[in-house]
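# I would like to see how this sequence folds:
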Amino acid sequence: MRVAELNRSEKEKEQVILRATYFQISIFIKYRYWKYLRIYSK
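From the prediction side, this is the model:
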């Protein structure tokens, strides 16, 4: 019982970290893409 709870919390932690990382990467890509458009649209 205890082990299952520990495993579940670890999995949830991994999910949270993955989501945060994905969020940061998506923002970074959008920012780079927007900058690229600003530079090359002129």
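# so how far is residue 13 from residue 7?
11 Å (C-beta to C-beta, to the nearest Å). All C-beta spots, glycine's among them, are computed from the backbone N, C-alpha and C.
# nope, residue 29 is what I meant
25 Å.
# so where's this structure uncertain?
Within the chain, the stretches with pLDDT under 70 are 1, 42.
# could you pull out the helices for it?
2-40 (DSSP state H).
# Centre-most residue in it?
residue 22 (1.8 Å; C-alpha atoms, centre = their mean).
# Please tell me how far it sits from residue 16.
11 Å.
# same thing with residue 30?
Distance from residue 30 to residue 16, by C-beta to C-beta: 21 Å.
# Please apply the same query to residue 29.
Taking C-beta to C-beta, one finds residue 29 at 21 Å from residue 16.
# Residue 8 now?
Residue 8 is 13 Å from residue 16, by C-beta to C-beta.
# same question, residue 37
Residue 37 is 32 Å from residue 16, by C-beta to C-beta.
# Also residue 27?
17 Å.
# can you check residue 6 too?
Residue 6 is 16 Å from residue 16, by C-beta to C-beta.
# got the contact list for residue 4?
Residue 4 makes contact with no residue, according to C-beta atoms under 8 Å, 6 or more residues apart in numbering.
# measure it to residue 32 for me?
Relative to residue 32, and taking C-beta to C-beta, residue 4 is found at 42 Å.
# Ok, residue 39 next?
Taking C-beta to C-beta, one finds residue 39 at 11 Å from residue 32.
# again with residue 7
37 Å.
# okay, now residue 10: neighbour count?
Around residue 10 there are 10 other residues, counting by other C-beta atoms under 10 Å.
# Let me fix that, I meant to ask about residue 27.
Using other C-beta under 10 Å: residue 27 sits among 10 other residues.
# and what of the one 4 residues further on?
Applying other C-beta under 10 Å, we find 10 residues neighbouring residue 31.
# Please apply the same query to residue 39.
With other C-beta under 10 Å as criterion, residue 39 counts 8.
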